[in-house]
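In: need coordinates for the following:
(one chain, ligands or ions: 1)
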Amino acid sequence: MKIATIDLKSVYLSLKSEVDAAVFRVLHSGQYVGGPEVEGLEREFAEFCGVPHAVGVSSGTDALRFALMAAGVGEAGRVSGAGEESGGRPVDEVLTSPLTFIATAEAITQAGGKPVFVDVDPRCLNLEPRNLEGVITSRTRAILPVHLYGQPADMDPILLLAKRHGLAVVEDACQAHGATYGGRAAGSLGDAGCFSFYPSKNLGACGEAGMVTTGSAQIAERVRRLRDHGQTEKYRHAEEGYNGRLDALQAAILRVKLRRLTEWNERRRVLAERYRAGLRDLVGRGGLLALPEEMPGANHVYHIFAIRVAGRDRVREALRQRGIETGLHYPMPLHLQPAYAWIGLREGSLPQAERAAREVLTLPLYPEMAEGSVDQVCETLRDAIET
Ligand SMILES: *Cc1c(COP(=O)(O)O)cnc(C)c1O
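Out: Below you'll find the model as predicted:
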């Protein structure tokens with residue numbers, strides 16, 4: 001039997017009557033962008049994250065870009081023209097992880113900042129807080145930790161460091177809807193949290209959507225303005241902004257799915273535990289190097305279940321031949337991407353991220369997945385590794 005990494009259609013079918021009703025409600029309302037569905041989702045998602053403000057935007061990338069701008073990134077270049085330094089490159093530096101989706105770094109550059117990639121903790125592949133202090137300069141403006149795979153980064157030392165140096169902290173929580181750290185929700189820990197509702201995320205729309213969460217009324221206000229062409233009232237523009245609004249159909253569908261999110265995350269954790277039990281004895285014997293490690297204080301929501309294997313590409317091919325689809329998150333760290341050659345980091349500069357990029361392998365895991373399928377992946381993997 002074939003096993004895919006995700007099955008979005010089965011999610012829809014399991015909620016068909018509620019999703020259909022929500023879609024028809026919007027179609028009949030005549031209001032398709034913004035409006036009561038978007039405001040309803042903002043209220044409900046803010047409550048879910050335990051923050052006073054949530055602002056719906058059109059993607060996780062927009063959420064990151066707007067939150068960074070609202071936190072002051074890019075102002076050096078905009079206000080003083082200081083962006084001319086280093087060949088016209090902007091100077092506000094944002095410390096972030098190289099082991100993430102490119103959107104994290106794109107948002108920094110597009111906000112008018114410069115990404116400064118910092119190596120990760122090999123246990124959880126999140127930013128290693130101890131690597132941050134040494135790269136802080138007078139140009140550093142913010143830290144952008146990514147809660148990779150659904151597990152929050154080690155936020156206490158990051159927040160402490162940010163406070164000491166007067167830096168903003170923006171969370172990339174695009175993979176961590178419902179994850180917690182020290183009992184507090186991802187997205188409520190820094191100055192702002194950024195979520196993607198891309199269809200494959202733990203909370204996914206049927207199209208593109210995103211959200212910024214924040215405790216700051218000022219940040220919320222600025223994000224509201226940026227998503228709508230800088231408008232403060234109709235045809236009055238305090239600044240140039242973007243077309244970054246959330247549409248009502250996505251909001252209505254997300255409201256249905258948000259009610260299931262906690263239950264889905266619990267199911268992900270159950271399946272992750274089953275993988276762990278099924279694979280534990282293989283660790284260290286030949287090919288299987290490590291299973292995902294749960295860090296103290298963090299509640300992992302397993303957006304991605306990534307193991308580490310030697311000879312990853314061979315193992316991946318063996319699984320593919322036996323009908324098991326896998327993923328790579330991520331095969332090339334951002335500092336080695338052609339798009340960031342201008343930063344000038346070479347192979348060997350961030351060894352933990354580089355090593356992880358060679359070894360990580362994402363196994364199928366989604367709430368609708370059957371226990372039997374997990375067992376089948378474990379058995380197939382065992383064969384692939386031992387032969
Ligand atoms: C998905 C994702 C994004 C981007 O979200 P979009 O909605 O696709 O723009 C950003 N960062 C991380 C870590 C992601 O997984």
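
In: isn't Gly278 up against Gly372?
Out: No. With contact defined as CB atoms under 8 Å, Gly278 does not reach Gly372; the gap is 11.4 Å. For every residue, glycine as well, the C-beta is placed using N, CA and C.

In: who's more crowded, these two?
Out: A direct count of neighbours by other CB atoms under 10 Å for Gly278 and Gly372 places Gly278 higher, at 18 against 10.

In: what about that one, which helix or strand?
Out: Using DSSP states H and E, the element containing Gly278 is helix 261-279.

In: what sits up against that helix?
Out: When contacts are defined by CB atoms under 8 Å, 6 or more residues apart in numbering, helix 261-279 is touched by residues 48, 150, 177-179, 202-203, 288, 291-292, 300-303, 305, 307, 363, 365-367, 369, 371, 374-375, 377-378, 381-382.

In: same question for stretch 125-136.
Out: With CB under 8 Å, 6+ apart as the test, stretch 125-136 has contacts from 95-97, 99, 116, 118-121, 143, 145-149, 151-154, 157-158, 161, 165, 167, 295, 306, 352-353, 356, 360.

In: go again with 7 Å.
Out: Residues outside stretch 125-136 that contact it (CB atoms under 7 Å, 6 or more residues apart in numbering) are 95, 97, 99, 116, 118-121, 143, 145-146, 148, 151, 153-154, 157-158, 161, 165, 356.

In: of these, which ones also sit close to the ligand?
Out: The overlap between the contacts of stretch 125-136 and the neighbours of the ligand (CB under 6 Å from any ligand atom) comes to Val146.

In: what about the contacts of stretch 125-136, which are in helices?
Out: Mapping the contacts of stretch 125-136 onto helices (DSSP state H) picks out Pro157, Ile158, Leu161, His165, Ala356.

In: and the contacts of stretch 125-136, which are buried?
Out: Among these, those that count as buried by neighbour count (16 or more other CB atoms under 10 Å) are 95, 97, 99, 116, 118-121, 143, 145-146, 148, 151, 153-154, 158, 161, 356.

In: which of those fall in strands?
Out: Leu95, Val116, Ile143 (DSSP state E).

In: identify, from those residues, the entry nearest to Leu15.
Out: Here the nearest of these to Leu15, counting by CB to CB, is Ile143; it sits at 37.0 Å.

In: what sits against that closest one?
Out: Taking CB under 7 Å, 6+ apart, one finds Leu95, Leu132, Ile158, Ala162, Leu167, Val169 in contact with Ile143.

In: report the contact partners of the fourth one.
Out: Each residue near Ala162 by CB under 7 Å, 6+ apart is listed here: Ile143, Val169.

In: what pLDDT does it get?
Out: Ala162 carries a pLDDT value of 98.

In: cool, and the first one?
Out: According to the model's per-residue confidence, Leu95 sits at a pLDDT of 98.

In: do the fifth one as well
Out: Confidence at Leu167, expressed as pLDDT, is 98.

In: so what's the residue count around it?
Out: Neighbour number of Leu167 under other CB under 10 Å is 22.

In: next: the second one.
Out: A count of neighbours around Leu132, defined by other CB under 10 Å, yields 21.

In: then Pro36?
Out: Considering only other CB under 10 Å, Pro36 is surrounded by 14 other residues.

In: just the ones of the contacts of helix 261-279 in helices?
Out: Using DSSP H, these in helices are Phe48, Glu371, Val374, Asp375, Val377, Cys378, Leu381, Arg382.

In: how close does the last one sit to Arg314?
Out: Computed as CB to CB, to the nearest Å, the Arg382 to Arg314 distance reads 15 Å.

In: then Ile136?
Out: In terms of CB to CB, Ile136 sits 41 Å off from Arg314.

In: higher neighbour count, those two?
Out: Ile136 (17 against 13).

In: so Phe195 touches Ala63, yeah?
Out: Yes. With contact defined as CB atoms under 7 Å, Phe195 and Ala63 form a contacting pair (6.2 Å).

In: give me the common contacts of these two.
Out: Both Phe195 and Ala63 are in contact with Gly210, Met211, where contact means CB under 7 Å, 6+ apart.

In: the two: which has the busier surroundings?
Out: The neighbour comparison of Phe195 against Ala63 (other CB under 10 Å) goes to Ala63, with 35 against 31.

In: got a list of contacts for the host helix or strand of the more buried one?
Out: In the assignment (DSSP H and E), Ala63 maps to helix 60-70. Contacts to helix 60-70, defined as CB under 7 Å, 6+ apart, come from residues 57, 94, 103-104, 106-108, 110-111, 113, 142, 170, 172, 174, 192, 194-196, 198, 210-212, 219, 222-223, 226-227, 242, 244.
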